[in-house]
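1. Sequence plus the predicted model coming up.
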Amino acid sequence: MPCTYIHCAAERHACRESRGTLIQAKMPEEGQKLLARFKGQVQTIYLDPPFNTGKQFEMKMRVGAKGYRTGSPSLSLPAYDDRWEDRSHYLTMMRETLILSRELLKKEGTIFLHIDSRMYAHLRLLMDEVFGENNFLNEIIWSYQTGGRARSYFPRKHDVILFYARSKSYYFNLKAVPVARNESRSNHMRRAVDENGRSYRSIVSGGKEYRYYDDEPAYPGDVWDDISHLQQKDPQRTGYETQKPLKLLERIVSCSSQEDDLICDLFAGSGTSAVAAANLGRRFLCVDQSSLAIATAGKRLSQGTAGQALDYAFEVEAPCGEDDCRVEAEVFPAITSYTVRLISFESGKAQAAGISGMDAVDQWSCGFVQGDVYRRCALSARSAATPELAATLEMPVCAGEPCVMIVDIWGNRRFYLPMRRY
Ligand SMILES: C[S@@+](CC[C@H](N)C(=O)[O-])C[C@H]1O[C@@H](n2cnc3c(N)ncnc32)[C@H](O)[C@@H]1O
């Protein structure tokens, strides 16, 4: 007997406090809804928007247990489309999103806009216009080794991160982001030991001696060349193109916020900023227009990547996939717990793509539904470490109707009421 499909507007953890929210929404069109809830509450905004590259970006999604075990089969799924009618359409989207971002920020807040050389000049002026020239703090150059090998011009090896404050009373803590001292850069300095036995390097400039003690931390300047781009085989990789390194986001979050502050990302992609925020004890509000991005970010927060095991509680607000699949699942109630079994999943879209049955399921979970909110208790998600999905999941008895959530390989989330077996 197929299960009944139901609609759930939100997913929450059943018994743990949420560290943040993932929202599937398009900016700036759905920005007013965000403002109604979060105006003036955000400490740090990180934006890594489309760069107006004229390209379509993809996600490499492994399919089924064999795909996760061996890398094949896999599908290249559309992640997002960065093709624009013209530059002015792109800049209109960016202007409205920046205005929205300004309204979301607290007066102590700051914003980091991550871009590359294509739109840099336009966006620098736009940032001046929206945030005020006087609130400009830095043009951070993130310099990396990977990328093109152009021969007709110098290879492009950096992105720009524009850093602006919401007001003069912004929060910033350079001491929160110490870096290793770069020995090769201080080779030209004189080495010495002071009267207390502390070794240092020194340089004289303008008649004044500047000392850099070996036992004192060093801090980054506005050129960041100590964080590499993700390599092809980097264990952090989710398969989502344009994913940024966690270290980059952890530096941004650490210097600009304190514990429990709210970090917001309106182009969240694979959820790097959400993971950075959660790792550092901050809350997050991460938005993306794509269901695949929300599913990828959610999976990353729940179980991490090969590079980091995680288990954060969070909320998701995203439209449900359509009622076009046939699912069989059953629940066996006991005195203090339930066992839920997922028996089968059939989807026309998957069949058309040559993917059979459960191979089209990337994650499933069980929990309880109250009104239109699903409260998740237990999850099984495919990964290289756990390619097979669990056949059954256990959950404690909670208020509400037992419910199953299935996330397919396209990132669509669907909810079903399992058959009760007594
Ligand atoms: C460069 S990627 C972000 C990558 C991310 N920083 C990461 O580490 O994975 C840009 C993201 O913006 C999303 N996006 C593009 N236009 C959008 C819009 N108008 N509203 C919301 N999200 C959008 C895309 O779906 C894509 O995931």
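-> Right, received. Where do you want to start?

2. now the strands for the stretch 51-200 of the chain?
-> Counting by DSSP state E, counting those that start in this stretch, the stretch 51-200 of the chain has strands at residues 56-62, 74-81, 105-115, 136-143, 158-165, 190-193, 199-205.

3. my bad, the stretch 201-350 of the chain
-> Remark: strands assigned in the stretch 201-350 of the chain by DSSP E, counting those that start in this stretch are 208-213, 223-224, 262-265, 283-288, 315-317, 325-333, 337-347.

4. Burial check on the residue in the chain that the ligand sits nearest to, number of neighbours?
-> Closest to the ligand within the chain is Gly269: 2.6 Å, counting by Cβ to the nearest ligand atom. (Glycine included, C-beta is placed from N, CA and C.) Using other Cβ atoms under 10 Å, the number of residues around Gly269 comes to 27.

5. Could I get the contacting residues of it?
-> Applying Cβ atoms under 8 Å, 6 or more residues apart in numbering, we find Gly269 in contact with Asp48, Ala79, Tyr240, Thr242, Gln243, Lys244, Asp288, Ala293, Thr296, Ala297.

6. Now do the closest residue to the first one other than its chain neighbours: how many residues are near it, please.
-> The one in question is Asp48. Among residues not flanking Asp48 along the chain, His114 sits closest, at 4.3 Å (Cβ to Cβ, 6 or more residues apart in numbering). A count of neighbours around His114, defined by other Cβ under 10 Å, yields 20.

7. Tell me the confidence at His114?
-> pLDDT recorded at His114 is 98.

8. What segments of the stretch 151-300 of the chain are helices?
-> 246-256, 272-279, 291-303 (DSSP state H, counting those that start in this stretch).

9. okay, the ones you listed, which one's buried deepest?
-> helix 272-279 (a mean of 26; mean count of other Cβ atoms under 10 Å).

10. pretty sure Tyr240 is touching Ala79, no?
-> Yes. Tyr240 is in contact with Ala79 according to Cβ atoms under 8 Å; the separation is 5.8 Å.

11. overlap in contacts of the two?
-> Met59, Gly269, Leu292, Ala293.

12. ok, now which ones touch the last one?
-> Contact analysis of Ala293 by Cβ under 8 Å, 6+ apart lists Gln24, Ala79, Tyr80, Tyr240, Ala268, Gly269, Ser270, Gly271, Gly411.

13. repeat that for 6 Å
-> Gly269 (Cβ atoms under 6 Å, 6 or more residues apart in numbering).

14. Touching stretch 40-49 from outside, list them.
-> 101, 104-106, 109-114, 252, 256-257, 261-267, 273.

15. ok, Ala10 touching Cys320?
-> No. Between Ala10 and Cys320 there is no contact under Cβ atoms under 6 Å: 10.6 Å.

16. neighbour-wise, which of these two wins?
-> Higher neighbour count among Ala10 and Cys320: Cys320, with 18 against 15, using other Cβ under 10 Å.

17. before we move on, back to that, closest one to Val223 among the strands of the stretch 51-200 of the chain?
-> Closest of the strands of the stretch 51-200 of the chain to Val223 is strand 136-143, at 4.7 Å (criterion: Cβ to Cβ).

18. Next, the buried residues of the closest one.
-> By neighbour count on 16 or more other Cβ atoms under 10 Å, the buried set for strand 136-143 is Leu137, Ile140, Trp142.

19. In three-state terms, label Cys366 for me.
-> With DSSP: H, G, I helix; E, B strand; the rest coil as the basis, Cys366 sits in strand.

20. Isn't it up against Glu394?
-> No. The pair Cys366 / Glu394 is not scored as a contact, 8.5 Å apart, by Cβ under 6 Å.

21. In this structure Thr110 contacts Lys168, no?
-> No. Assessed by Cβ under 6 Å, Thr110 is found out of contact with Lys168, at 11.7 Å.

22. Neighbour count for the two, which is higher?
-> Ranked by neighbour count (other Cβ under 10 Å), Thr110 and Lys168 place Thr110 first, with 27 against 9.

23. Could I get the contacting residues of the more buried one?
-> Thr110 touches Thr44, Ala165, Tyr170, Ser256, counting by Cβ under 6 Å, 6+ apart.

24. likewise Asp288?
-> Ala268, Ile294.

25. For the protein, list the residue farthest from the centre, please.
-> The outermost residue of the chain relative to its centre, with distances by Cα atoms, centre = their mean, is Glu195 at 49.3 Å.

26. picking that back up, relative to Gly400, which of the strands of the stretch 201-350 of the chain is closest?
-> Here strand 337-347 is closest among those (Cβ to Cβ), at 11.3 Å.

27. quick one, helices of the stretch 301-422 of the chain?
-> Using DSSP H, counting those that start in this stretch, helices in the stretch 301-422 of the chain cover 348-352.

28. re earlier: columns distance to Lys55 on top of the helices of the stretch 151-300 of the chain, output as TSV?
-> Below are the helices of the stretch 151-300 of the chain laid out as TSV (distance: least, Cβ to Cβ, whole Å):
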stretch	distance to Lys55
helix 246-256	21
helix 272-279	20
helix 291-303	16
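
29. I'd like those laid out as CSV, including distance to Ala385 and mean pLDDT.
-> As requested, the helices of the stretch 151-300 of the chain are exported to CSV (distance: least, Cβ to Cβ, whole Å; pLDDT from 0 to 100):
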stretch, distance to Ala385, mean pLDDT
helix 246-256, 18, 98
helix 272-279, 17, 98
helix 291-303, 9, 96
